[in-house]
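Asks: For reference, the sequence and a predicted model appear below.
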Amino acid sequence: PKVSCACKTKCLQEKQSKNSFTNLVVTRITSRLCVQNLNRKKLCGTRNYLTGGASADYTQGLTQMKNQRHIPGGQAAERPSGFLCRLRKFHNETNGAIAIMTALSLPVVVGFIGMGVEAGLWFHAKRDLQTAADSAAVAAAYEVARGYPNAIVTQTGGSAAADNGYDGSKNDTITINSPPTTGDFSGNNEAVQAIMTRNLTLLFTDLFMDGGVNISVVAVAILDGGDDFCILGLHPSASGGVSIGGTADVALDCGIASNSTADDAFEVFGSADVAASNASTVGGIAVSGSGNLVTDEPNKENSLPARDPYASLAEPAVGGCDHNSNTRVQNGDNTILFPGVYCGDIRITGGTATFSPGDYILKGADLKITGGTVTGTDTFFFFTNDGADFGQTDITGGDIDLTAPDSGDYAGMLFFQDPDAPTGSGSSTTNKINGGTSLNLTGALYFPSQKIDFSGGANAGGCTVLVGSVVEFSGNSDLQIECDSTGVELPKTTMVRLAG
């Protein structure tokens, strides 16, 4: 027999009368179950949720629903259909919500993963393109260092890029600029710029973007200095660009370099004894006879040309003549000379000659010293032309102590010959620094188009930097060079490095 909720509650209360707390809990639970059961009956009215069978309460529940809900005309509303009941039950159902949320969000998650993977491919492509651009810039910069024209510079850069990932079939483009046209190194003649672009076809992101993705990279390589040199032969092909022979004894705290491509670009012969920090040539190094060459570092043959630190040095302005005739200092004289334009030779054969600080411009005139005592500090000598005649240096004796300026446009420069001076192998194209009791020339002696002949027993100290088209030592020359803390800029080997 079916038992009503009220009866069940009363029976439970009687059985649990000894425990009032338990009675209270059971009473509340049972009451709630009864209420829930009644509500279900009101909604669907088809099952007895407490007993699981047909119930007399069904008729009572249905009657209550009819009394509570009416339709127009006073007829009782029919109970909800089975479909509507299931629909309402589905509406209140919470099981499986995570699966539905996952299904709805999965396309978004997959989309973000796809975009991330494709963006990674873009970065990988940019890295490969940057490698090709770096290679192109460095290779092109080496050609600039060798003095090749822009056509070869561009061709070499393109070849290096192709060897490192550049592919014109992938819509890659490359531009080599020497000098660079944009950026921090724009207009720098010792820098090369490589610009590369690549258009990538879109994959997943084609759903959101139009066209392709353009990747652009820039690489800049510059020429930089390495080892220091205090003797440099600039001629590009002369045999014996730097030549040390006879009984010369040359000890340097710096290096020797020749930019000649000849097999004997730097030669040591006779009984010459040479000690230097390093030796570097574009061509080769030849040691013959009883000659001896000792360097602190391994010799470098077939290397890049050494940089000429004075190549961009501007020539001083040359005005009219201040001294038209020869200036002579002889035995017994004590003469002070002053800066200016000398259109006649300065000839010192004896006595004492003191050069006041300043610029001495010899316009078609020579500086000739055969004896006497010659001193001067902060002095600069520029040898230029008067018509076809170019000034030269001819030192064959005397006790000489001259020091270059330590500031200004010509800091560290003692002798500077006009680069337009004629070249050749005769005496008219040779600047001599020979013999003498004592020779202390602190500064650079720069004769870019003519020969420097250092020979005849000269005993030289201080910081003397010799840069000429050809530099030759002979006789019993003794050159001790110490340039530390003098402020004289030394030539350097050429190195190429990436700068951006």
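Replies: Thanks, I have the structure now.
Asks: wouldn't Tyr310 be in contact with Val467 here?
Replies: Yes. Using Cβ atoms under 8 Å, Tyr310 and Val467 qualify as a contacting pair, with a distance of 6.7 Å. Every C-beta, even on glycine, is put in place using the N, C-alpha and C of the backbone.
Asks: Which one of those two is surrounded by more residues?
Replies: When neighbours are counted by other Cβ atoms under 10 Å, Tyr310 and Val467 differ, and Val467 comes out ahead with 27 against 19.
Asks: For that one, which three-state class applies?
Replies: Secondary structure of Val467, reduced to three states by DSSP: H, G, I helix; E, B strand; the rest coil: strand.
Asks: Quick check: the gap between it and Lys432.
Replies: In this structure, Val467 and Lys432 are separated by 16 Å, where distance is defined by Cβ to Cβ, to the nearest Å.
Asks: In contact with Pro357, which residues?
Replies: Contact partners of Pro357, counting by Cβ atoms under 8 Å, 6 or more residues apart in numbering, are Pro339, Gly376, Thr377, Asp378, Thr379, Pro405.
Asks: biggest separation within those, which pair?
Replies: The distance between the two most remote of these (Cβ to Cβ) is 12.7 Å, for Pro339 and Thr377.
Asks: all helices for the protein, in order.
Replies: Counting by DSSP state H, the chain has these helices, from start to end: 5-15, 20-43, 57-68, 82-91, 97-145, 150-162.
Asks: show me the contacts for Pro419.
Replies: Pro448, Ser449.
Asks: Let's see that with 10 Å instead.
Replies: Listed by Cβ atoms under 10 Å, 6 or more residues apart in numbering, the contact set of Pro419 reads Tyr310, Ala311, Leu313, Glu315, Thr384, Tyr446, Phe447, Pro448, Ser449, Gln450, Ser469.
Asks: which one's the longest strand in the protein?
Replies: Residue-count comparison of every strand in the chain, with assignments taken from DSSP state E, identifies strand 213-233 as the longest.
Asks: Now that strand: buried residues?
Replies: Of the residues in strand 213-233, those with enough neighbours to count as buried (16 or more other Cβ atoms under 10 Å) are 213, 215, 217-223, 225-233.
Asks: so how far is it from its chain's centroid?
Replies: Between the centre of strand 213-233 and the centre of its host chain there is 8 Å, according to Cα atoms, centre = their mean, to the nearest Å.
Asks: and that strand, which strands flank it?
Replies: strand 191-200 (antiparallel), strand 255-258 (parallel), strand 464-473 (parallel), strand 492-498 (antiparallel) (DSSP bridges).
Asks: The ones you listed into TSV, with extra columns for distance to Gly371 and mean pLDDT?
Replies: Listed next are those as TSV, based on distance: least, Cβ to Cβ, whole Å; pLDDT from 0 to 100:
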stretch	distance to Gly371	mean pLDDT
strand 191-200	50	88
strand 255-258	31	93
strand 464-473	20	92
strand 492-498	37	81
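Asks: among the ones you listed, which is the most enclosed?
Replies: By mean neighbour count, with neighbours taken as mean count of other Cβ atoms under 10 Å, strand 255-258 ranks first of the strands paired with strand 213-233 at a mean of 31.
Asks: quick one: low-confidence ranges for the stretch 51-200 of the chain?
Replies: Scanning the stretch 51-200 of the chain with the threshold set as pLDDT under 70 gives 51-84, 86-97, 100, 107-108, 110-119, 122.
Asks: Also compute the angle for the longest strand of the chain relative to helix 150-162, please.
Replies: With axes from the mean of the first three to the mean of the last three Cα atoms, to 10 degrees defining the directions, strand 213-233 sits at 130 degrees from helix 150-162.
Asks: Dump strand 213-233 to PDB, restricted to CA.
Replies: Taking Å, rounded to 0.1, in the frame of the first residue of the first chain, the C-alpha atoms of strand 213-233 are listed here in PDB:
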ATOM      1  CA  VAL A 213      53.900  39.600 -45.600                       C
ATOM      2  CA  ASN A 214      56.900  41.800 -46.600                       C
ATOM      3  CA  ILE A 215      60.100  41.200 -44.600                       C
ATOM      4  CA  SER A 216      62.900  43.700 -44.800                       C
ATOM      5  CA  VAL A 217      66.400  43.600 -43.300                       C
ATOM      6  CA  VAL A 218      69.400  46.000 -43.300                       C
ATOM      7  CA  ALA A 219      73.000  45.200 -42.700                       C
ATOM      8  CA  VAL A 220      75.900  47.700 -42.600                       C
ATOM      9  CA  ALA A 221      79.600  46.600 -42.600                       C
ATOM     10  CA  ILE A 222      82.400  49.200 -41.900                       C
ATOM     11  CA  LEU A 223      86.100  49.200 -42.300                       C
ATOM     12  CA  ASP A 224      87.900  49.300 -39.000                       C
ATOM     13  CA  GLY A 225      91.400  49.300 -37.800                       C
ATOM     14  CA  GLY A 226      93.400  46.500 -36.200                       C
ATOM     15  CA  ASP A 227      97.100  46.300 -35.700                       C
ATOM     16  CA  ASP A 228      99.200  49.500 -35.500                       C
ATOM     17  CA  PHE A 229     101.900  50.300 -38.100                       C
ATOM     18  CA  CYS A 230     104.600  53.000 -38.000                       C
ATOM     19  CA  ILE A 231     106.000  52.200 -41.500                       C
ATOM     20  CA  LEU A 232     103.600  51.900 -44.400                       C
ATOM     21  CA  GLY A 233     104.200  51.700 -48.200                       C
END
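Asks: How about Ser428, nearest residue that isn't a chain neighbour?
Replies: Pro422 (7.5 Å; Cβ to Cβ, 6 or more residues apart in numbering).
Asks: Gly412 now?
Replies: Leaving out its chain neighbours, Gly412 is closest to Val488 (Cβ to Cβ, 6+ apart), at 4.1 Å.
Asks: That neighbour and Ser239, how far apart?
Replies: Looking at Val488 against Ser239, where the rule is Cβ to Cβ, the gap reads 29 Å.
Asks: thinking again about what came up before, now do the shared contacts for Tyr310 and Val467.
Replies: Leu232, Phe416, Ala444, Tyr446, Pro448, Pro491.
Asks: In this structure the last one contacts Gly255, no?
Replies: Yes. Taking contact to mean Cβ atoms under 10 Å, the distance of 8.7 Å between Pro491 and Gly255 places them in contact.
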